[in-house]
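Participant: coordinates only, sequence not included:
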């Protein structure tokens, strides 16, 4: 098995499903690139990140469909195709652009199966980029998984590493329910997100968390890029004799409530790290879950580490201050341990 | 495109069914028995029936919130639709959808839709499926004049032209988007002209005349099945009742409402087939009586049918969660 | 090779999980026989004597006085005189305590003490695992390799701790995954019991945030007060206007965290900051709790939480009792009855007469005891203990009195045996 990047793993997952099932097609803006241009008119881009580079040549432009910049239209078309027997993978370049096609992902796709009495099947997969850290500012940096998580009918995947990304993406495409597959843009080439990834296809079931590390003192929940930040914090905490369960839920809908509760029942302390919302977000959902079902196990109040209630800024120092960092996670963990961070730093 | 006697009887029966369905719920709605919003199709029957006369179960339609007529014309069972409007377990969608979300994928119906314009891309997606599969089936997007101003429709129409999708955009222009007149809401001179600017054939027809609808749509369907891309039809239509049940329609004049019957599609149909000697008044009357009696039964059954069990509340949110 | 044997922390009574070595009574090099007393050890309520379970020369005293150890941990090493030190060292390094809890739970131990009964509510003489259930538990451990069975992380961990083969557990979770609850349910339906770690609520109420609170919106009065009282604003609610922490919020946090009535802050109003800090510092003093104090607190909390409380108050005229007491004490040499002795005797007689009162309830069954084992509260310097007058209904007043005196004396000396204070059926207190 070779070590592969997050980017490569996603590309492999897409290719595997394109080869396996001819109902699978890709649709989105510039996923091939060059159409209607005087230069190279196919595969000029392969998406803004080159993930689907070569796909149009290999599978034909009928299955790698470049769209105009019309998210509402092509997302709706992907939905209609999904409801009539195809298995489209639509790419919404940045999840921030959901504002331009939210009706499809709010009122149409998630509700067909329910509204139509269980008779409609809409196996749409939406790949979309999330995440801050690239000075992409307020309209290209958000992590909106909490919004999709709150919509019944949608499944939501937030992978943190190459191995998970491939297995979860293949599962998403094979899944009969609509799935939001949310890729943090910092992970594509992050060394710690690279992993040993089998060449062949495999699936990872939804709703099963991954224990990135096991420990006794604190449960830390983190996914996407935050899983890596949390692991860094866990190493720091271990130096102070504090061991953590670091849990990557991998999917926020369905959520592996069981693993989270079982861990908190064991450690008695919870820190939830999330790059999403400071209000009504995923972190708050997990906190509420634990407060409802594992309150008796808690030894200290739950701590949440999220960005502030503030749009993502452009300027780097501001953006770094906005992003949840390892130091905040360490401070939160020390806090739930009842350890004075300042004192322990001196010691 | 000649119509046989049998076809004519069928089309008349379908139109009468739609009319009776709507009139029945119009009456029953005042009792408070039917929950939720109702948007009635009375007056526009010739469009649904004239379009769907050319479609098989393998062809798709996307409908809108004024969708009962489209669903009935596409073959959904009026008895099960009545159950659905009453929110019963036996309803077409197990009481989960109601008036605005009646769908039946097996019959090629992508469903009524509560969001204005949403059917545009959905139908285009169904058309894309046909294109990718290499089938001769087509899709029809029923929409109103209100939806023609939605970005949803513009994006779908553009891509349908780009990719030569087998889709008919069928606009029922009844002159009102809710309580606002098309004279005000339409920037262009006509809906069909604006559609033509997208690069597809676009025609304006009389949607009150079943035979004109039947003929024009027949040509459009041939165009689509031949792989020549999308086709736009703007049909002038009549909306007898308000935008929804309970709409006092202060924005319409008494004269307009009084004169609607002059263009009634059912009366027009009767006049035409009897004068052509295709059908007799007696034959048509028999259909009327038959349909009216049937709906009395549908209504009774729907009113006494079982409610969905609350334990099944969360059925069908996911296929597998 | 010569035999090396261990002296380990013994398990006294049902609830003992750890003990503190108070004093070694032997030295390295001493020869001990089986049954010789080698050390004093304090558990949650008593000081007891550790007897050697082996014979030989004490080669190494591993545990240090003052050390608190789990049961089955290594206290000392006994071996032949000529066993090389290096071998002893290796033995100590490799020593692994027997897993007492697991063996007990699965019923494959002949030890009649089990961890299944909770607290001191269960009488030691009642075996709560009938044999067939013990077999059922044993059967849970059987089966082939379960490493591929789909189970959550903690389900697998728990199954390991209780020696449960996951092939024997039905999954209830998503994707047919076995959850921790599934393992617990399998163990319990086979007649076992899984102990849940108790949370010390005190930790919660005194939890203080150390996080930076400079960004928290606060009224200026509240900010000043919080600074004076040493309250972190993260610990305050923000009930004030526009989500600000207000004065009342700080006072409430102070009351919770510092045990201060909120009115107290008013009295501090005119003092300077330094005076206030001094006063605040002097307001409380953290006294570490002894094992006994912790146990008393836990038991009383548990009792308060678990049992429905009701009170009956009756006024009794004791004239005749006092007269009888005076008479007996005057007439019988060597007897000195207290009023308490009469109360104990009367209680025992009443329990015999009304057996429905002499019961315990474990949530599922009512256990009716045959004898009146009366626990009597005895005050100690550091707490209290409740030695038991066993079968008190069979004792004469004089026997009650003498036995009680003996128990109280030994209680104060800390030399009660566990069975002498665990397992009473009814309590009397005049403390």
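Facilitator: Cool, the structure landed. Since we're looking at a predicted model, the values are computed, not measured.

Participant: what number of residues lie near residue A:58?
Facilitator: For residue A:58, the count of nearby residues is 13 (other CB atoms under 10 Å in any protein chain shown). Yep, even glycine has a C-beta here, placed from its N, CA and C like the rest.

Participant: got the phi/psi numbers for it?
Facilitator: Dihedral angles of residue A:58 (phi, psi; degrees, to the nearest 10) stand at phi -80, psi -40.

Participant: Quick one: residues contacting it.
Facilitator: The contact partners of residue A:58, by CB atoms under 8 Å, 6 or more residues apart in numbering or on different chains, come to A:15, A:18.

Participant: Ok, residue C:412 next?
Facilitator: By CB under 8 Å, 6+ apart, the neighbours of residue C:412 are C:378, C:380.

Participant: Please identify which helix or strand holds residue C:60.
Facilitator: Here residue C:60, judged by DSSP states H and E, is contained in strand C:56-61.

Participant: neighbouring strands for whichever helix or strand comes after that strand, and are they parallel or not?
Facilitator: Counting by DSSP H and E, the next helix or strand C-terminal to strand C:56-61 is strand C:68-70. Strand pairing for strand C:68-70, determined by DSSP bridges: strand C:18-24 (antiparallel).

Participant: angle of the partner strand against strand C:56-61?
Facilitator: Comparing the axes of strand C:18-24 and strand C:56-61 via axes from the mean of the first three to the mean of the last three CA atoms, to 10 degrees yields an angle of 110 degrees.

Participant: thinking again about what came up before, which neighbouring elements make contact with the strand holding residue C:60?
Facilitator: Packing contacts for strand C:56-61, counted by 3 or more CB pairs under 8 Å, 6 or more residues apart in numbering or on different chains; DSSP states H and E, involve strand C:31-32, strand C:74-79, helix C:85-94.

Participant: neighbouring contacts of that strand?
Facilitator: Taking CB under 8 Å, 6+ apart as the rule, strand C:56-61 contacts C:3-5, C:24, C:26-32, C:38, C:75-81, C:83, C:88, C:92.

Participant: quick one on the thing from earlier: which of the helices and strands packed on strand C:56-61 is buried the deepest?
Facilitator: Of all the helices and strands packed on strand C:56-61, strand C:74-79 has the most neighbours on average by mean count of other CB atoms under 10 Å in any protein chain shown, namely a mean of 23.

Participant: Return the list of helices and strands in contact with that strand.
Facilitator: Short answer (3+ CB pairs under 8 Å, 6+ apart): strand C:74-79 packs on strand C:4-8, strand C:37-42, strand C:56-61, helix C:85-94.

Participant: what's the closest of the ones you listed to residue A:201?
Facilitator: Smallest distance to residue A:201 across those (CB to CB): 47.2 Å, for helix C:85-94.

Participant: model confidence over the closest one, on average?
Facilitator: Helix C:85-94 comes out with an average pLDDT of 88.

Participant: For chain C, name the helix or strand with the lowest mean pLDDT.
Facilitator: Counting by mean pLDDT, DSSP states H and E, the weakest-scoring helix or strand in chain C turns out to be helix C:264-267, with a mean of 38.

Participant: Mind pulling up the pLDDT for residue A:37?
Facilitator: Here, the pLDDT recorded for residue A:37 equals 92.

Participant: For the chain, which segments count as helices?
Facilitator: I'll assume chain A. For chain A, the helices defined by DSSP state H cover A:6-20, A:55-59, A:71-83, A:102-103, A:109-115, A:145-149, A:162-174, A:225-239, A:257-267, A:282-293, A:316-322, A:326-337, A:341-346.

Participant: let's do chain B instead
Facilitator: Listed in chain order, the helices of chain B (DSSP H) span B:5-29, B:45-52, B:68-73, B:78-85, B:119-133, B:151-162, B:182-185, B:191-196, B:210-225, B:254-259, B:265-275, B:281-304.

Participant: Figure out how far stretch A:60-69 is from the centre of its chain.
Facilitator: How far stretch A:60-69 lies from its chain's middle: 24 Å, per CA atoms, centre = their mean, to the nearest Å.

Participant: what does stretch C:350-366 give?
Facilitator: That offset, for stretch C:350-366, works out to 24 Å (CA atoms, centre = their mean).

Participant: Residue C:356 belongs to a helix?
Facilitator: Yes - Residue C:356: assigned to a helix according to DSSP: H, G, I helix; E, B strand; the rest coil.
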